[in-house]
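Colleague: structure for the following, please:
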Amino acid sequence: EAGRGVSTKQFTPQHEELRRSLRKFIDAEINPYVDQWEEAGIFPAHELFKKMGNMGFLGVNKPVEFGGLGLDYSYAMVMCEELGHINCGSVPMAIGVQTDMATPALAKFGSDEVRREFLAPSISGDYVACLGVSEVGAGSDVASVKTTARKDGGDYVINGGKMWTTNGTQADWICLLANTSDGPPHQNKSLICVPMKTKGVQIARKLDKMGMRSSDTAQIFFDDVRVPQRFLIGEEGKGFTYQMIQFQEERLWGACSAIVGMEKTIDETVEYTRNRIAFGKPILDNQVVHFRLAELKTEVELLRSLCYRACEEYLAGNNVTMLASMAKLKAGRLLREVNDSCLQYWGGMGFMNETRISRAYRDGRLASIGGGADEIMLGIISKLMGTAPRAPKSK
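Modeller: Numbering: from 1, shown residues only. Have a look, this model is predicted:
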């Protein structure tokens, strides 16, 4: 069965129970509606997240005192992997933003007050969260974001804009990275919780994307948006550092979330090519086809092992920037390779929107761009290897 590759010693009956209950939920509450959500270009985030919150799926590794299950990161990884059974990339990505991209810094560094206000309702599914890092002029280059939050009395006054914000048109709050001083770019940023209904927050447009069709992605403007300074996450000026820590979970999520979908794609391709006859025999019987699928299956298993190893290191309290970056890089490239290779064997049907393979092909392309492009991952890996050229010292 897809998703049941090499087991790791860590997995317990509780892990398997989480897998089973999530799979059951996906089969009942998500997959029957995916096609209509894709057609509509949006899915009902509040409705779905509330159902997931009721089941405990949105706070697996979040603190118990704010409604989470308080389990370790391996449970979050199992959940992430199992989301690959959803028949599109959009809905898992939106869930991942809620659980592993917009909330980890808040859960780790936020005051009890701000966690009660924003984290607890995000775990219960009453709030939809989004993450405001990327801007028109600053995607992977996080240090050059231009959005500002200046102090005025007891408030921050926010001006600027964010781009490619997943969940953005439906979100109740945004975890916003903004410049709170004029200091050096790595020390002048802060993460702030901003309610989306605040005066001056404008959703400029819902973006029209090649893939990830049922995930709403917004361009947002902030015009003199006023929020209390107590909505700050952790310490002022630590936002860049917090976001880099948050990226470890985001990138591990990006890698883990790719595994099961690729296995399903390979399995469905085996089935299709076994039943499709060309020149008197099944397409699968050509050695070039079954050898290629064997190669791809091997690559996916290697990615799973890398993700599990990164998870073990993360549980041990080690910095997993290197492994998470490697896993994210490999996942993005492998998604392109698997989806493209398999689509080829579907022939004309692979080019039809009615087949899942064409959706996988379109959705999967984002993985090499979103959450830090492949080139950024290579830059991080090179830096940690000590092979990247050093920045010139300023005079």
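Colleague: now the phi/psi pair for the residue of the chain most remote from its centre, please.
Modeller: Most distant from the centre of the chain: Gly280, at 44.1 Å, with distances by CA atoms, centre = their mean. Main-chain torsions, Gly280, degrees, to the nearest 10: phi 80, psi 0.
Colleague: now it: how far from Gln287?
Modeller: 16 Å (CB to CB, to the nearest Å). From N, CA and C alone the C-beta is placed, and that goes for glycine too.
Colleague: got it, and Pro63?
Modeller: Distance, Pro63 to Gln287, using CB to CB: 54 Å.
Colleague: quick one: which of these two has more around it?
Modeller: Shown here are Pro63 and Gln287; by other CB atoms under 10 Å, Pro63 has more neighbours (17 against 7).
Colleague: residues in contact with that one?
Modeller: 70, 107, 115 (CB atoms under 8 Å, 6 or more residues apart in numbering).
Colleague: make CSV out of the residues you listed and add secondary structure, pLDDT and distance to Ala94.
Modeller: As requested, these are exported to CSV (DSSP: H, G, I helix; E, B strand; the rest coil; pLDDT from 0 to 100; distance: CB to CB, whole Å):
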residue, secondary structure, pLDDT, distance to Ala94
Gly70, coil, 97, 24
Ala107, helix, 97, 18
Arg115, helix, 98, 22
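Colleague: emit the ChimeraX select command for whichever of these are buried.
Modeller: Filtering the contacts of Pro63 down to the buried ones (16 or more other CB atoms under 10 Å) takes a single ChimeraX command:
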select :107,115
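Colleague: which one of the contacts of Pro63 is nearest Pro389?
Modeller: Ala107 (36.4 Å; CB to CB).
Colleague: which strand or helix spans the closest residue to that closest one other than its chain neighbours?
Modeller: Closest residue to Ala107 apart from its sequence neighbours, by CB to CB, 6 or more residues apart in numbering: Lys62 at 5.2 Å. Assigned by DSSP states H and E, Lys62 belongs to no helix or strand.
Colleague: so how far is Gly68 from Lys62?
Modeller: Distance of Lys62 to Gly68, computed by CB to CB: 3 Å.
Colleague: so what's Trp37 up against?
Modeller: When contacts are counted by CB under 8 Å, 6+ apart, Trp37 touches 43-44, 88, 90-91, 214.
Colleague: which of those fall in helices?
Modeller: Applying DSSP state H to these, the entries found in helices are 90-91.
Colleague: taking the contacts of Trp37 together, which two end up most distant?
Modeller: So for the contacts of Trp37, where distance means CB to CB, the most widely separated pair is Pro44 and Cys88, at 14.4 Å.
Colleague: so which of these two has more stuff around it?
Modeller: Comparing Pro44 with Cys88 by other CB under 10 Å, the one with more neighbours is Cys88, at 25 against 14.
Colleague: now the more buried one, nearest residue through space, not along the chain?
Modeller: With sequence-adjacent residues excluded and distances taken as CB to CB, 6+ apart, Cys88 is closest to Val34, at 5.0 Å.
Colleague: what ranges do the helices span in the stretch 201-350 of the chain?
Modeller: 239-275, 287-315, 321-345 (DSSP state H, counting those that start in this stretch).
Colleague: which helices and strands sit right next to the shortest one?
Modeller: Contacting helix 321-345 under the criterion 3 or more CB pairs under 8 Å, 6 or more residues apart in numbering; DSSP states H and E are the following elements: helix 239-275, helix 287-315, helix 356-364, helix 374-385.
Colleague: list the buried ones in the helix or strand where Lys151 lies?
Modeller: If you go by DSSP H and E, Lys151 is part of strand 148-152. Across strand 148-152, burial judged by 16+ other CB under 10 Å covers 148-149.
Colleague: and the angle from it to helix 239-275?
Modeller: 150 degrees (axes from the mean of the first three to the mean of the last three CA atoms, to 10 degrees).
Colleague: show me the contacts for the residue nearest to Cys88.
Modeller: Contacts of Val34 by CB under 8 Å, 6+ apart are 86-88, 91, 214.
Colleague: ok, now with 10 Å
Modeller: Residues near Val34 by CB atoms under 10 Å, 6 or more residues apart in numbering: 26, 43, 86-88, 90-91, 214, 356, 359.
Colleague: cool, and Leu378?
Modeller: Leu378 touches 325-326, 329, 388, counting by CB under 10 Å, 6+ apart.
Colleague: from what I can see Ala367 touches Glu250, true?
Modeller: No. Between Ala367 and Glu250 there is no contact under CB atoms under 10 Å: 11.8 Å.
Colleague: shared neighbours, those two?
Modeller: With CB under 10 Å, 6+ apart as the test, Ala367 and Glu250 both reach Lys328.
Colleague: residues of stretch 128-139 that come out buried?
Modeller: Within stretch 128-139, the residues that count as buried by 16+ other CB under 10 Å are 128-135, 138-139.
Colleague: next one: stretch 240-257
Modeller: For stretch 240-257, the neighbour count (16+ other CB under 10 Å) marks 240-243, 245-257 as buried.
Colleague: for the record, mean pLDDT for that stretch?
Modeller: Averaging pLDDT along stretch 240-257 yields 93.
Colleague: how about the nearest residue to Val133, chain neighbours excluded?
Modeller: Spatial nearest neighbour of Val133, chain neighbours left out: Leu177 (4.9 Å); criterion: CB to CB, 6+ apart.
Colleague: how about the one you found, secondary structure?
Modeller: strand (DSSP: H, G, I helix; E, B strand; the rest coil).
Colleague: so what's it up against?
Modeller: Here Leu177 is in contact with 105, 131-135, 138, 142, 145, 147, 149, 162, 189-192, 233, 239-240, 242-243, 246 (CB under 10 Å, 6+ apart).
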